[in-house]
Each structure stands twice: as C-alpha cells, then as structure tokens.
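[1] My questions are about this predicted structure, shown below with the sequence.
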Amino acid sequence: MSDASQRLALTDRVAVVTGGATGIGRATALLLAEQGAQVFVGDYDPVVSNADEFTHLGITELNCDVRRETDVKSLIEQAVRDGGGLDILVNNAGIAMVKPITDVTEAEWDACLDTNLKGAFLTTKHAIPHMRVRGGGSIVNMASNAGILPRAHDPVYSTSKGALVAFTKSIALSHSIDRIRVNAVCPGPVGDTRMMNADLDKAVDREATIKQFIAASPIARVAQRMISPREVAEAILYLVSDASAMVTGTCIAIDGGKSLGVPPSSD
Ligand code: NAD
C-alpha cells in the first residue's frame with residue numbers, strides 16, 4: 001500500500017454516520033466501510049434494500065431520529081459498545097425547506113433547524129467524551145453551498161446550514177485541545193439523492209429543472225452533470241482520515257464553484 005493510500009485507510013476506526021440510509025450519507029457509509037472502518041448508520045427512515053450491501057461491508061443500520069436526544073445517545077452508545085470506541089462522526093442527516101419566510105410555520109422552522117442543526121449538536125455532545133477516551137477524533141458536518149452563500153428561495157435551510165458552518169468552526173476551536181478535528185463539507189447540486197429527487201418530482205418540467213441546477217454550478221455546467229454522492233463521500237473520507245491530520249475548522253465546497261459568485265454567461 002502506498003504512503004498516500006495508507007493515510008486514507010480507516011482500519012480499526014469506528015464511525016457513526018447519520019442519515020446514512022440514502023444519498024450522500026449512504027455513499028459515505030459505504031466508502032468509510034470500504035476503507036476499513038466499522039460503520040454505524042443512524043437514520044429515522046431505514047431502507048430495507050440496503051441490507052445485503054451493508055451486511056457485506058459490516059455496516060450496522062440503527063433507527064435514530066437525530067432530533068431526539070435519547071435516540072442519539074443510544075446510537076452513539078451502541079457504536080461504542082459494539083465497535084469498542086468512537087473515532088469518526090459524520091453529521092449528514094438533513095432536510096430541505098423551500099419556502100418564503102412569510103409562509104413558514106413554527107413547526108416547519110423547528111423541523112428544519114432541529115434536524116440540520118440541533119441534530120449535529122446532540123451527536124457532537126454525546127460523541128466528544130468517547131473521542132477523548134481515544135485521544136482524538138474527527139467530526140464532519142454536512143453543510144451546503146447554501147451555508148456559504150445564502151439563497152432567496154430557501155431562507156430557513158440557508159440559515160440552518162450557515163449556523164452549522166459557525167458551529168463547525170466554534171467546536172473545532174474549543175475541542176482542538178482534545179485533538180478532535182471538526183470540518184464541514186458544503187455540497188451542491190448533488191444528484192441521485194432522496195432530497196434532490198423529491199425536489200425534481202415537484203418540478204413542473206423535470207428536465208428543465210435539472211438543467212437549471214447544473215447551469216448554476218460552473219464546473220457542473222461544463223461537465224454537463226450533477227455532482228455524485230460518491231464525490232462528496234470522497235471529500236469526507238479525506239477529512240476523517242490521517243491525510244487531513246492538520247485540517248480543522250474548514251468548510252470544503254464541493255459545488256463545482258457554485259458558491260463563488262455569478263457564473264460566466266452560457267452564450
Ligand atoms: P437524502 O434525503 O437522500 O438523505 C438525507 C438522509 O437523512 C435520509 O436518509 C433521511 O432519512 C435522513 N434524515 C432526515 N431527517 C432525519 C432525522 N431527523 N433523523 C435521522 N435521519 C434523518 O438527501 P441528501 O441530498 O443525500 O442529503 C444529505 C445531506 O446533504 C443533507 O444534510 C443535505 O442538506 C445535504 N446537502 C445535499 C445537497 C444536494 O444537492 N443533494 C446539497 C447540499 C447539501
């Protein structure tokens with residue numbers, strides 16, 4: 001094994017991935033397990049068809065609603081009990097919220113903020129003491145390009161992801177002393193996920209909407225495709241591995257340049 005691949009190996013590491021039943025979380029769980037980690041997936045809507053692939057890679061899928069502290073505590077405790085400790089936490093569970101602020105109900109605000117932000121607080125709170133026992137760890141929070149560059153059409157989602165970026169930096173600073181690294185990834189537009197498919201299902205013209213998503217991201221536009229869940233998982237692998245030993249508090253945009261600014265005209 002080359003030095004570079006050795007630094008990306010996750011042998012003997014124990015990882016928890018939230019929202020790992022579908023999309024980016026599923027791709028991440030698979031990749032971390034392929035790299036040797038013992039992976040525990042927590043999702044409130046498990047997918048039966050994952051069973052064969054997950055079993056083959058030794059991935060355990062547990063029922064967990066990240067908005068509930070009791071669920072989160074038992075997810076982390078089971079990973080520690082069955083895996084022998086905890087080294088990696090990927091806070092991926094998230095929901096979209098596309099609505100003007102004047103139409104958002106209190107319950108919708110709570111659902112979005114509780115899933116996208118409070119969920120990461122709860123897992124982090126319960127994971128850190130176990131990472132300290134191991135002498136360190138790595139946490140990756142799933143933000144979005146909406147967390148770097150807020151958007152008009154989803155103010156509550158943008159707020160949740162912007163706050164998650166702030167949370168990432170604050171926890172990275174406060175737990176550097178424990179050798180716990182905390183980073184975020186800011187993807188978009190990622191195809192082949194439940195969230196993206198739900199958006200496309202609602203669109204009046206599905207093909208035109210896909211083209212719009214692609215056109216907003218300069219590199220996606222020249223490549224004429226959306227970003228794949230696996231491409232985001234590969235950035236997460238870097239952040240949880242020894243290859244990024246000196247990286248903390250960063251937010252890596254995996255958005256084909258979407259959050260850079262106004263793309264060149266397509267004419
Ligand atoms: P997805 O819907 O396929 O995945 C989200 C997963 O989270 C699902 O399996 C869902 O069941 C789970 N989940 C939702 N609420 C939960 C809860 N309360 N408790 C436990 N599990 C819960 O969509 P995705 O696109 O793979 O989204 C994954 C993450 O990536 C989200 O945080 C999303 O905001 C973020 N993201 C996605 C895109 C994109 O373009 N698809 C872009 C930027 C960021």
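    Yes, it's here. Numbers count the residues shown, from 1 in each chain.

[2] Check which residues of the helix ranked longest in the chain are buried.
    The longest helix of the chain (DSSP state H) is helix 155-174. Using 16 or more other CB atoms under 10 Å as the test for burial, helix 155-174 gives 155-165, 167-169, 171-172. Any C-beta I mention is one placed from the backbone N, CA and C, and that applies to glycine too.

[3] swap in stretch 31-40?
    Quick answer for stretch 31-40 (16+ other CB under 10 Å): 31, 32, 33, 35, 37, 38, 39, 40.

[4] Return the subset of these lying in strands.
    Among the buried residues of stretch 31-40, DSSP state E puts 38, 39, 40 in strands.

[5] Contacts only, for the second one.
    So that's residue 39. 15, 16, 17, 20, 29, 32, 33, 57, 58, 59, 60 (CB atoms under 8 Å, 6 or more residues apart in numbering).

[6] can you give me the helices in the stretch 1-150 of the chain?
    3-7, 23-34, 51-56, 69-83, 106-113, 119-134 (DSSP state H, counting those that start in this stretch).

[7] and the second one, does that touch the ligand?
    Yes - applying CB under 6 Å from any ligand atom, one finds helix 23-34 in contact with the ligand at 23, 24, 25.

[8] can you pick the most crowded of these?
    Counting neighbours by other CB atoms under 10 Å, residue 24 leads those with 31 neighbours.

[9] can you tell me how far that one sits from residue 212?
    21 Å (CB to CB, to the nearest Å).

[10] partners of the strand ranked longest in the chain, with directions?
    Counting residues, the longest strand in the chain under DSSP E turns out to be strand 180-187. Strand pairing for strand 180-187, using DSSP bridges, gives strand 137-142 (parallel), strand 251-254 (parallel).

[11] following that strand, which helix or strand comes up?
    Sequence-wise, the next helix or strand downstream of strand 180-187 (DSSP states H and E) is helix 194-202.

[12] ok now that following helix, how far from the chain's centre?
    Remark: helix 194-202 is offset 18 Å from the chain centroid, using CA atoms, centre = their mean, to the nearest Å.

[13] if you average pLDDT over the helix or strand following it, what comes out?
    Sequence-wise, the next helix or strand downstream of helix 194-202 (DSSP H and E) is helix 206-215. For helix 206-215, mean pLDDT is 94.

[14] And helix 206-215, what's buried?
    Neighbour counts over helix 206-215 (16+ other CB under 10 Å) mark 210, 213, 214 as buried.
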